[in-house]
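In: no FASTA, just this:
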């Protein structure tokens, strides 16, 4: 099936957000259980230990071939062929992503064990967009435009307003954990998952299923290592508690449910990272706040959340926050401009040197050396067509080896789904 790339991007990101909201609701229930409520370290390890098992099982099932194509390629990611070992070129990215994901999950579990209403957690975590814009300006030579900054501020303020809990509670410690632990590590995690997704392995695009499996595997190893060190210095038993509890049938199947569902949320999220920047992905991911509301109501029915506030002023403020989030997402969606520049260079021009100069231009996302009529095809992505066009063309004209160039804006993109 062929679909416009823009539509595919939003379908993947929004579907991932919906599943993430459901997972957070399940995590709130599991985190409220006696053992995990008092031990976030054990909860984090149990999640990754059981998660490694269930993720491996799902990945093996998706590796089954039907008419020459893997089941995973048919239903989740066309790039997936089968489960494979980590390649040397991607190892450092997996290690960094695994470490920060381990730290992120410990912070997340600590919040889950304290705050009952998942909509609060999801709301404050959306401020990660500001972290991502800053990191992308450093790691992807892509300084955020005024439109991106404005949209991010709208989403951020919306998240703050929407973070009013339906239970009427507000706690400072979870907020500090979100700002100092969860958001920074999630920003780094998203950046490196995107780096992995846009890589090519064996001359084909990297797939989100293998990326997710190995991330869970390395996250489990790092969590076990951190817990071991922590237990040695504190004479604790968090690692043993997490291991023993994860094997208890009363907990094991709940952990399978939450990590099995999380697998699909992350696979879709990683796929969407391959189609758009991490900051835009997380702006769309702010829709989890909206999706979290029905799950909060469900938790109320299950007795996990004991009460709802009926204060109409608080509810109106929360609705205003949700509206701002939606406006910010739409603002991001309507300002993406993609173009291709076809370039011919002067005879005797050093290809590698010219290619590097093209790559150094802010806004350039891909440079290809070609044969035939053109020597280079450059792909650019900007938020404002006029300003972006003028800035990029000015930089191209400063490269003395370029003979002529031709700019074409992309009207529509299609992608195999």
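Out: In hand now; what should we look at? Since the structure is predicted, the reported quantities are computational estimates derived from the model, not experimental observations.

In: where does the stretch 301-417 of the chain dip in pLDDT?
Out: 301-315, 329-336, 382-389, 411-417 (pLDDT under 70).

In: the strands in it, which residues?
Out: According to DSSP state E, counting those that start in this stretch, the stretch 301-417 of the chain carries its strands in the segments 337-345, 364-369, 376-382, 402-409, 414-416.

In: what helices or strands is the helix or strand encompassing residue 44 leaning on?
Out: When elements are assigned from DSSP states H and E, residue 44 belongs to helix 40-62. Helix 40-62 is packed against helix 34-37, helix 71-75, helix 88-114, helix 208-234, helix 238-247, helix 249-273, with contacts defined by 3 or more Cβ pairs under 8 Å, 6 or more residues apart in numbering; DSSP states H and E. The way it works is simple: take the backbone N, C-alpha and C, and place the C-beta from them, glycine included.

In: hmm, who's touching the last one?
Out: Contacts with helix 249-273, where a contact means Cβ atoms under 8 Å, 6 or more residues apart in numbering, come from 9, 12-13, 15-16, 19-20, 22-23, 26-27, 29-30, 33, 35, 46-47, 50-51, 54-55, 58, 76-77, 190, 193-194, 196-197, 208-209, 211-212, 215-216, 245-246, 281, 284-285.

In: ok, 7 Å please
Out: Helix 249-273 has contacts (Cβ atoms under 7 Å, 6 or more residues apart in numbering) with 9, 12-13, 15-16, 19-20, 22-23, 26-27, 30, 46-47, 50-51, 54-55, 58, 76-77, 190, 193-194, 197, 208-209, 211-212, 245-246, 281.

In: Going by neighbour count, list what's buried in it.
Out: 251-252, 254-273 (16 or more other Cβ atoms under 10 Å).

In: next one: the third one
Out: Residues of helix 88-114 classed as buried under the neighbour-count rule (16+ other Cβ under 10 Å) are 90, 93-114.

In: Tell me which other helices or strands that helix touches.
Out: Applying 3 or more Cβ pairs under 7 Å, 6 or more residues apart in numbering; DSSP states H and E, we find helix 88-114 packed against helix 5-31, helix 40-62, helix 172-177, helix 183-197, helix 208-234.

In: want to try JSON lines for these, with mean neighbour count, distance to residue 346 and mean pLDDT as columns?
Out: Below are these laid out as JSON lines (neighbours: other Cβ atoms under 10 Å; distance: least, Cβ to Cβ, whole Å; pLDDT from 0 to 100):
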{"stretch": "helix 5-31", "mean neighbour count": "22", "distance to residue 346": "34", "mean pLDDT": "76"}
{"stretch": "helix 40-62", "mean neighbour count": "22", "distance to residue 346": "50", "mean pLDDT": "92"}
{"stretch": "helix 172-177", "mean neighbour count": "14", "distance to residue 346": "57", "mean pLDDT": "70"}
{"stretch": "helix 183-197", "mean neighbour count": "23", "distance to residue 346": "34", "mean pLDDT": "87"}
{"stretch": "helix 208-234", "mean neighbour count": "20", "distance to residue 346": "41", "mean pLDDT": "93"}
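
In: Would you mind telling me which of the ones you listed is nearest residue 377?
Out: Closest approach to residue 377 among these (Cβ to Cβ): helix 5-31, 17.3 Å.

In: Which pLDDT value belongs to residue 138?
Out: Per-residue pLDDT puts residue 138 at 57.

In: Roughly how far does residue 347 sit from residue 354?
Out: 13 Å (Cβ to Cβ, to the nearest Å).

In: Show me which of those two is the more surrounded one.
Out: Counted by other Cβ atoms under 10 Å, residue 347 and residue 354 do not tie: residue 354 has more neighbours, with 21 against 6.

In: Return the distance of that one relative to residue 73.
Out: 37 Å.

In: Now do the same contact list for the residue nearest the centre of the chain.
Out: Centroid-nearest residue in the chain: residue 190, 4.6 Å away (criterion: Cα atoms, centre = their mean). Shown in contact with residue 190 (Cβ under 7 Å, 6+ apart): 132, 273, 278, 282.

In: Adding distance to residue 369, write the residues you listed out as JSON lines.
Out: Below are these laid out as JSON lines (distance: Cβ to Cβ, whole Å):
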{"residue": "132", "distance to residue 369": "31"}
{"residue": "273", "distance to residue 369": "26"}
{"residue": "278", "distance to residue 369": "28"}
{"residue": "282", "distance to residue 369": "33"}
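
In: ok, which pair from the residues you listed is furthest apart?
Out: Maximum pairwise distance among those (Cβ to Cβ): 11.0 Å, between 132 and 273.
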